[in-house]
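Asks: Fold the following, please.
(one chain, ligands or ions: 1)
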Amino acid sequence: MTAMNRFLRSLTSLSSRPFSSLVSEAESRLHNLSLSKSTSRSSQPWRRDPSERNVQWVFLGCPGVGKGTYASRLSHLLAVPHIATGDLVREELANSGPLADELSSIVNQGQLVSDEIIFNLLSKRLENGEAKGESGFILDGFPRTIKQAEILEEVTDIDLVVNLKLRGDVLLEKCLGRRICSECGGNFNVATIDIKGENGRPGICMAPLLPPPHCVSKLITRSDDTEEVVQERLRVYNKMSQPVEEFYRSRGKLLEFDLPGGIPESWPKLLAALNLEDHDHKQSAAA
Ligand SMILES: [Zn+2]
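Replies: Next up, the predicted model:
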């Protein structure tokens, strides 16, 4: 078990304790860790030299921006796990045991899953990955708060934080265009974005993701994909993420990336921004 996992695990060792007590414990640990920072970095085995391990990246982006899609594509390209906290929650719900029971009652009551449980799931996931010889990761959905970012910084090195952005009007239209097939559960998007550039502002085109013919008559809209709910979701996200973005910006680790369109337009530009064009060519040649 790496020190990072031990640390995360120790934060969650008593799941019945209120989160406030865990936070104060984390704070005192952070304080102690900062005091002992004078010890050389190389004496911390989990801070491996970047040349000896794979990338340790974080993906930020508001709901609906396609963060999961880009993080997942990059994880395949770089052969690192894409660790999405949303997936960890869904996977745990499919298990049985005390944590799964606790989680399902939280979700059924429509409450937010606490940081404490997220820590628990993440540490379990990293531990399992380590046992399988994984190196590096792309985190998606974590850290959500400054507190989480601080804990992450104390236990491991984050090389880069990619902040995916899409202009507000386009994002709203994309969110409102989401459809689900009530029969097969497939996710589609009926919104066609075609905005002309004006006043030096570039235009943006995004093709819809249309369903196959047999799904067309079965499409439904999620009840929370209304303009009001989507706007509120974005407002809450921005309020929460801005301090996290600032945290990484001030450390020179934040890469802001404005999505220029859909996947066909954005993917090559994202690879270029990450200096990974050659990587993609090598992979295509090998495929
Ligand atoms: Zn279908």
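Asks: what about Val107, how many neighbours?
Replies: Applying the criterion other Cβ atoms under 10 Å, we find 14 residues in the vicinity of Val107. In this view, the C-beta of every residue, glycine as well, is placed from N, C-alpha and C.
Asks: how close does the nearest residue to it once chain neighbours are set aside sit to Asp278?
Replies: Spatial nearest neighbour of Val107, chain neighbours left out: Leu93 (6.8 Å); criterion: Cβ to Cβ, 6 or more residues apart in numbering. Note on Leu93: its distance to Asp278, by Cβ to Cβ, to the nearest Å, is 40 Å.
Asks: The two: which is more packed in?
Replies: Under the criterion of other Cβ under 10 Å, the comparison of Leu93 against Asp278 puts Leu93 first, with 14 against 9.
Asks: Where does pLDDT dip in this structure?
Replies: Residues of the chain meeting the criterion pLDDT under 70: 1-47, 280-287.
Asks: For it, list the residue farthest from the centre, please.
Replies: In terms of distance from the mean C-alpha position of the chain, Asn199 ranks first, at 33.5 Å (Cα atoms, centre = their mean).
Asks: isn't there a helix covering the residue nearest to Val107?
Replies: Yes. Note on Leu93: a helix contains this position according to DSSP: H, G, I helix; E, B strand; the rest coil.
Asks: Isn't Leu77 up against Asp278?
Replies: No. Under the criterion of Cβ atoms under 8 Å, Leu77 lies out of contact with Asp278, with a separation of 11.2 Å.
Asks: What residues does this protein have near the ion?
Replies: Counting by Cβ under 5 Å from the ion, the residues of the chain lying close to the ion are Cys181, Glu183, Cys184, Gly186, Cys215.
Asks: Mind checking which of these are buried?
Replies: In the residues of the chain next to the ion, burial by neighbour count holds for Cys181, Cys215, counting by 16 or more other Cβ atoms under 10 Å.
Asks: The residues of the chain next to the ion in helices, which ones?
Replies: In helices, defined here by DSSP state H, there are no members of the residues of the chain next to the ion.
Asks: and the residues of the chain next to the ion, which two are the farthest apart?
Replies: Glu183 and Gly186 (8.5 Å; Cβ to Cβ).
Asks: Overlap of the contact sets of these two?
Replies: Contact with both Glu183 and Gly186 is made by residues Cys215, according to Cβ atoms under 8 Å, 6 or more residues apart in numbering.
Asks: Check the gap between the residue farthest from the centre of the chain and Glu173 for me.
Replies: According to Cβ to Cβ, Asn199 and Glu173 sit 20 Å apart.
Asks: again with Leu152
Replies: Computed with Cβ to Cβ, the distance linking Leu152 and Glu173 is 34 Å.
Asks: quick one: the strands in the stretch 151-287 of the chain?
Replies: With strands called from DSSP state E, counting those that start in this stretch, the stretch 151-287 of the chain shows them at 160-165, 178-181, 187-189, 193-195, 204-206, 219-220, 254-258.
Asks: tell me the phi and psi of Phe119?
Replies: Backbone torsions of Phe119, given as degrees, to the nearest 10, read phi -60, psi -50.
Asks: and it, how far is that from Gln148?
Replies: Distance, Phe119 to Gln148, by Cβ to Cβ: 8 Å.
Asks: quick one, which of the two is more surrounded?
Replies: Between Phe119 and Gln148, counted using other Cβ under 10 Å, Phe119 has the larger neighbour count: 23 against 18.
Asks: measure that one to Ile151 for me?
Replies: Between Phe119 and Ile151 the computed distance is 8 Å (Cβ to Cβ).
Asks: was I right about Gly261 contacting Ile204?
Replies: Yes. Using Cβ under 8 Å, Gly261 is in contact with Ile204, at 5.5 Å.
Asks: any common contacting residues for these two?
Replies: Any residue near both Gly261 and Ile204 by Cβ under 8 Å, 6+ apart counts here, and that gives Ile193.
Asks: For Asp115, the count of nearby residues, please.
Replies: By other Cβ under 10 Å, the residues close to Asp115 number 21.
Asks: tell me the contacts of it?
Replies: With contact taken as Cβ under 8 Å, 6+ apart, Asp115 is in contact with Phe19, Arg144, Thr145, Lys147, Gln148.
Asks: Give the buried subset of those as a ChimeraX selection command.
Replies: Paste this into ChimeraX to select the buried members of the contacts of Asp115, with burial taken from 16+ other Cβ under 10 Å:
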select :144,147,148
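Asks: With secondary structure added, can I get the contacts of Asp115 in TSV?
Replies: Listed next are those as TSV, based on three-state DSSP:
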residue	secondary structure
Phe19	helix
Arg144	coil
Thr145	coil
Lys147	helix
Gln148	helix
